[in-house]
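# Got a predicted structure plus its sequence, pasted below:
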Amino acid sequence: MPEKYQNFIDGKWVDSESRETFENRNPANWEEIVGVFPKSGKEDVEKATESAVAHRDEWANLPVPERGLILGKAGDIMVEKKEKIAKLMTREMGKILKETRGDTQEGIDTAYYAFGESRRLYGVTSPSELPNKTIYTIVKPIGTAGIISPWNFPMAIPTWKIFPALLMGNTIVFKPATDTPATATKFVEILDEAGVPKGVVNLVHGPGSVVGEAILEHPDIGVISFTGSSAVGRRIAEVAGKNLKRVSLELGGKNPQIVMPDANIELAVEGVLWGAFGTTGQRCTATSRLILHKDIHDEFIDILIKKAKELKIGDGLLESSDVGPIINETQLKKILNYVEIGKQEGAKLAFGGNHLTGKEYDKGFFMEPTIFTGVEAGMRIEQEEIFGPVLSVIKVSSFEEAIEVANDVEYGLSSSIYTANLQYAMAAIDKLEAGLTYINAPTIGAECHMPFGGFKNTGNGHREGGKWPYEVFGEIKTVYIDYSGKLQKAQIDTDITK
Ligand code: NAP
Ligand code: MG
């Protein structure tokens with residue numbers, strides 16, 4: 001019997017009101033049911049929000065360092081359970097164990113960051129323009145945060161949002177992706193075990209179109225933090241705009257790696273292999289465009305294809321696998337369709353492109369790492385987020401052209417350049433329209449204490465990581481204390497230009 005999972009509402013593990021369920025399966029072996037989960041509805045979001053509202057004061061009234069200690073404890077428990085979580089995550093979404101361990105580690109790092117931040121929620125003090133008056137700021141919680149997360153980083157992304165939201169004193173209604181509800185459940189169990197009071201964190205499983213929408217529309221949820229596709233992000237911004245909710249959006253990418261002729265070619269090949277085919281290309285920061293200078297193009301492609309052939313595709317639970325399966329059948333079909341589009345557009349399929357079948361692969365959704373050469377700027381495979389192991393190679397004649405091609409997409413998440421020339425490196429840092437620029441490193445590999453997010457259609461200007469999400473989850477209050485004993489009028493008593 002597959003394991004049965006539940007929602008977590010008001011500190012109790014419960015079924016959905018409707019008792020309906022959905023299955024979570026293993027993309028490396030679709031016959032394996034990882035768990036059965038409640039298919040919740042609007043009424044479950046209603047209950048979860050009621051609980052979140054009811055427990056606001058209890059949580060917000062705890063001193064911040066005390067909240068921090070609880071979150072630090074959650075980090076300790078995650079350390080103990082790291083291997084178990086990683087294995088479960090690989091079973092439910094496919095990426096290789098090395099990466100699911102890394103995903104869990106990012107959650108641990110984020111917990112300890114929150115613990116540290118609990119002694120550092122500084123405000124601002126300022127001299128007043130009036131005598132005998134003091135000005136400073138404090139930060140208050142918004143109330144209840146709605147957290148909606150994608151499947152590709154099932155632990156890291158929820159922790160990026162939930163730890164800051166909790167430290168700031170908010171209560172939570174959390175809807176994880178339907179492809180990865182098990183890891184999300186483990187995270188909520190850990191928060192409970194660490195001592196987050198009952199009712200503060202509420203977990204509601206179920207489809208985005210129902211549970212997600214109910215969160216967006218709920219008047220008692222004051223801030224939404226969302227990571228996912230730009231299409232859904234746009235919808236969220238619309239609804240949040242109508243309801244004047246604060247919203248933080250982390251969306252798609254179409255990330256370029258540029259290689260100049262002076263680069264260390266072996267290193268650049270290694271970088272693109274990891275950037276394009278790590279997580280089976282299913283990362284918002286995956287390298288999906290390789291922009292090669294013409295002088296090294298042919299040599300580079302020869303080495304790249306030789307190395308791509310060596311990648312072992314297989315079940316992520318096997319330590320021998322380098323590349324795991326695609327998340328589900330719909331996504332596999334979408335990626336294979338992009339391979340057809342690439343061929344029709346006239347790009348050359350230089351490597352891969354096939355759905356893998358046969359003994360080892362029949363039960364899951366596996367495909368070959370895929371490389372298109374002869375890709376022209378503007379082709380759909382060069383512009384649209386494919387979210388799979390498909391790399392488009394564009395040949396350019398100059399540094400200026402490389403930057404122009406790199407920037408000519410709607411997204412602006414990550415970017416990379418391999419070069420030994422300081423001028424190229426510095427100019428790329430200046431010119432690349434992306435929230436992340438890597439020099440001599442692939443487009444993936446963000447660290448939890450630094451801002452993470454993108455320019456242009458990758459988001460709406462917020463950042464996760466480090467201290468930045470703490471701004472998303474807090475309301476600033478400016479305090480004026482007048483101890484002059486008389487009515488003082490700013491701008492009127494003190495016309496400093498007089
Ligand atoms: P998605 O389809 O947009 O789903 C993201 C989340 O939104 C899921 O929990 C989904 O629920 C929910 N959702 C769907 N429709 C909704 C609606 N109408 N209202 C409210 N919520 C709704 O994205 P995904 O396929 O899971 O993830 C891949 C995408 O995420 C890619 O575009 C990738 O670039 C992006 N991503 C961005 C970052 C970043 O930080 N910039 C990081 C990782 C991933 P269901 O699961 O039930 O559909
Ligand atoms: Mg699954």
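Cool, the structure landed. Owing to the predicted nature of the structure, the values given are computational and were not obtained by experimental measurement. Ligands and ions are numbered 1, 2, ... in the order given.
# For residue 394, which residues are in contact?
Neighbour list for residue 394: 289, 290, 291, 292, 375, 376, 377, 382, 405 [criterion: Cβ atoms under 8 Å, 6 or more residues apart in numbering]. Placement of C-beta: from N, CA and C, glycine included.
# what bridges to it?
residue 291 (DSSP bridges).
# re the thing from before, so among the contacts of residue 394, which ones count as buried?
By neighbour count, with 16 or more other Cβ atoms under 10 Å, those hold 289, 290, 291, 292, 375, 377, 382, 405 as buried.
# tell me which parts of this protein are close to ligand 1?
148-153, 175, 177-179, 207-209, 212-213, 216, 227-229, 232, 235-236, 250-253, 284, 385, 387, 413, 458 (Cβ under 6 Å from any ligand atom).
# Residues of this protein that sit close to ligand 2?
24, 92, 179 (Cβ under 5 Å from the ion).
# how many other residues sit next to the second one?
It stands for residue 92. 24 (other Cβ atoms under 10 Å).
# repeat for the last one
Neighbours of residue 179 under the rule other Cβ under 10 Å: 19.
# what's it sitting at in phi/psi?
When read as degrees, to the nearest 10, the backbone of residue 179 gives phi -80, psi -20.
# Check the second one too.
Comment: the main-chain dihedrals of residue 92 come out as phi -90, psi -20, following degrees, to the nearest 10.
# From what I see, it and residue 155 are in contact.
No. Contact criterion Cβ atoms under 8 Å: residue 92 and residue 155 do not qualify, at 11.0 Å.
# what is in contact with these two at once?
residue 183.
# What residues does residue 436 make contact with?
285, 413, 414, 415, 443, 446, 452, 454.
# Among the residues you listed, which lie within strands?
Among the contacts of residue 436, the subset assigned to strands under DSSP state E consists of 414, 415.
# from the contacts of residue 436, which two are the most distant?
415 and 452 (13.5 Å; Cβ to Cβ).
# what residues are up against residue 465?
Contacts of residue 465 by Cβ under 8 Å, 6+ apart are 160, 446, 447, 448, 449, 450, 451, 452, 453.
# and the fifth one, how far is that from ligand 1?
Applying Cβ to the nearest ligand atom, to the nearest Å, the value for residue 449 to ligand 1 is 16 Å.
# Find me the pLDDT at that residue, would you?
Looking at residue 449, its pLDDT reads 97.
# Give me the nearest residue to it, chain neighbours excluded.
Nearest in space to residue 449, with sequence neighbours left out and distances taken as Cβ to Cβ, 6 or more residues apart in numbering, is residue 466 at 4.8 Å.
# what do you get for the first one?
When the adjacent residues along the chain are set aside, residue 160 lies closest to residue 464, with 4.5 Å between them (Cβ to Cβ, 6+ apart).
# is the one you found in a bridge, and if so with what?
Here residue 464 sits in beta bridges with residue 452, going by DSSP bridges.
# same deal with the one 10 residues further on?
When assigned by DSSP bridges, residue 474 has beta-bridge partners residue 141.
# so how many other residues sit close to it?
Neighbour count for residue 474, taken as other Cβ under 10 Å: 21.
# Same question for residue 90.
27.
# SS state for it?
State at residue 90, reduced to three classes by DSSP: H, G, I helix; E, B strand; the rest coil: helix.
# Can you give me every residue that contacts the residue nearest to it when sequence neighbours are not counted?
Nearest residue to residue 90 in three dimensions, chain neighbours excluded: residue 316, at 4.2 Å (Cβ to Cβ, 6+ apart). Taking Cβ under 8 Å, 6+ apart as the criterion, residue 316 is in contact with 28, 90, 94, 95, 96, 97, 99, 100, 324, 325.
# so which helix or strand takes in the spatially most central residue of the chain?
Taking Cα atoms, centre = their mean, the centroid of the chain lies closest to residue 157, which sits 4.8 Å from it. Applying DSSP states H and E as the criterion places residue 157 in helix 156-167.
# Okay, whichever residue of the stretch 151-300 of the chain sits closest to ligand 2 and residue 433: tell me how far apart.
The nearest approach of the stretch 151-300 of the chain to ligand 2 comes at residue 179, 4.8 Å away (Cβ to the ion). Relative to residue 433, residue 179 is positioned 30 Å away (Cβ to Cβ, to the nearest Å).
# Which residue, neighbours along the chain excluded, lies closest to the residue of the stretch 151-300 of the chain closest to ligand 2?
Using Cβ to Cβ, 6+ apart, the closest residue to residue 179 is residue 151 (3.8 Å).
# count of residues packed around the one you found?
Count around residue 151 with other Cβ under 10 Å applied: 23.
# Confirm that it sits in a helix.
No. Under three-state DSSP, residue 151 falls outside any helix and is assigned coil.
# Now do the contacts for it.
93, 176, 177, 178, 179, 180, 327.
# secondary structure element for the closest residue to the second one other than its chain neighbours?
Spatial nearest neighbour of residue 176, excluding adjacent residues (Cβ to Cβ, 6+ apart): residue 184 at 3.4 Å. Element membership of residue 184, judged by DSSP H and E, is helix 181-194.
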